[in-house]
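[1] sequence plus predicted model, see below.
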Amino acid sequence: MIHVPWGRARRSAAFVLLPEFFVVPMNTTILIVEDDNQLRSALGRWAKKHKLKPFEVASAEEALALLKTQTVDLAIVDKRLPGLDGLELAEQLIQAEAERPVVLMTAYADLDSARKAMNIGVYEYITKPFELDDMGVCVQRALQHRDLLLENRTYREQLEKQVALRTEELSKEIEERKKAEKALRNSEAQLRLITDSLPVCFSFVDANRRYKFINKKYEETFGIIREDVYGKHMHEVLGDEVYERLKPYIDRV
């Protein structure tokens, strides 16, 4: 958004009372990068009045040096600075911390600069001269936007942690299941080895009388192959006559 003089009319409606109730979290820090001493001081006084903690510097180089030792929640940057210009500084600030809003000030508004500012992620583009009340509206919205971004990042990080934790739990569960299946296969192999050596028919059926296991003698006696009968009902495999003959013995089990 490019702020132009008619922005004052807009302020007279919904935002006129906002500076009187300008509320920000304690210890909120704001970086003011402006080579005009008078404007930089005015912004610094305004920030202190509204319980913000300002860091005032006159160049991009000073700003970058300060950021090595200080944490900044929001930056107000003049586009035209000596040395590294404001757009380049804004880009570095955003790359270093995407959630930190940057407000760019300029006395020479043009669409190309505004477009470039928006493309690199500048939160708002405001033209000089401006009312401090307008800056107050902009700063409060920028800080609210920052809070939303931080909440989203926190939520995303928590979600990623939960996903990672659940993935680890599932991996362990899968590994335990594989171990259990291996142990079961070993047990089945041992059962098959033992029962195949028995001289009598041996079978195991579930509650529905469907075959789960038969031994070698059972195969030989009834002329069937164990893999073909697993899951089938005894009646289906043995036939009516044999099943009815064996049923009394089965019912005792």
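    Ah, there it is. As the structure is a prediction and not an experimental result, all values here were calculated from the model. Residues are numbered from 1 along each chain as shown.
[2] my read: Phe55 touches Gln70, true?
    Yes. Contact status for Phe55 versus Gln70: in contact at 6.2 Å, counting by Cβ atoms under 8 Å. C-beta: built from backbone N, CA, C; applies to glycine.
[3] more neighbours: which of the two?
    Phe55 (19 against 12; other Cβ atoms under 10 Å).
[4] assumed the more buried one was part of a strand.
    Yes. Looking at Phe55 with DSSP: H, G, I helix; E, B strand; the rest coil, it is inside a strand.
[5] on that earlier part again, touching both of Phe55 and Gln70, which residues are there?
    Applying Cβ atoms under 8 Å, 6 or more residues apart in numbering, one finds that Phe55 and Gln70 are jointly contacted by Thr29.
[6] other SSEs contacting the helix ranked longest in the chain?
    Ranked by number of residues, the top helix in the chain under DSSP state H is helix 132-196. Applying 3 or more Cβ pairs under 8 Å, 6 or more residues apart in numbering; DSSP states H and E, we find helix 132-196 packed against helix 7-11, helix 37-49, strand 74-78, strand 102-106, strand 124-127, strand 211-214, helix 216-222.
[7] in the longest one, which residues are buried?
    This means helix 37-49. Buried positions in helix 37-49, judged by neighbour count with 16 or more other Cβ atoms under 10 Å: Leu39, Arg40, Leu43, Gly44, Trp46, Ala47.
[8] and for it, what are the contacting residues?
    Residues outside helix 37-49 that contact it (Cβ under 8 Å, 6+ apart): Ile30, Ile32, Glu34, Lys53, Pro54, Glu56, Ala58, Ile76, Lys128, Leu132, Met135, Gly136.
[9] for those residues, which one is nearest Leu84?
    Nearest to Leu84 out of those is Ala58 (Cβ to Cβ; 12.1 Å).
[10] which residue packs closest to Val200, ignoring adjacent ones?
    The shortest distance from Val200 to any non-neighbouring residue, by Cβ to Cβ, 6 or more residues apart in numbering, is to Lys217 (6.1 Å).
[11] counting neighbours, what do you get for the one you found?
    When counting by other Cβ under 10 Å, one arrives at 17 neighbours for Lys217.
[12] what sits against it?
    Residues near Lys217 by Cβ under 8 Å, 6+ apart: Asp196, Leu198, Pro199, Val200, Cys201, Phe202.
[13] distance check, the residue nearest to the last one when sequence neighbours are not counted against Ala114.
    It stands for Phe202. Excluding its sequence neighbours, the residue lying closest to Phe202 (Cβ to Cβ, 6+ apart) is Asn215, at 4.2 Å. As judged by Cβ to Cβ, to the nearest Å, Asn215 and Ala114 stand 85 Å apart.
[14] for Thr154, same thing?
    Distance, Thr154 to Ala114, using Cβ to Cβ: 31 Å.
[15] looking at the two, which one has more neighbours?
    Remark: of Thr154 and Ala114, Ala114 carries more neighbours, 18 against 10, as counted by other Cβ under 10 Å.
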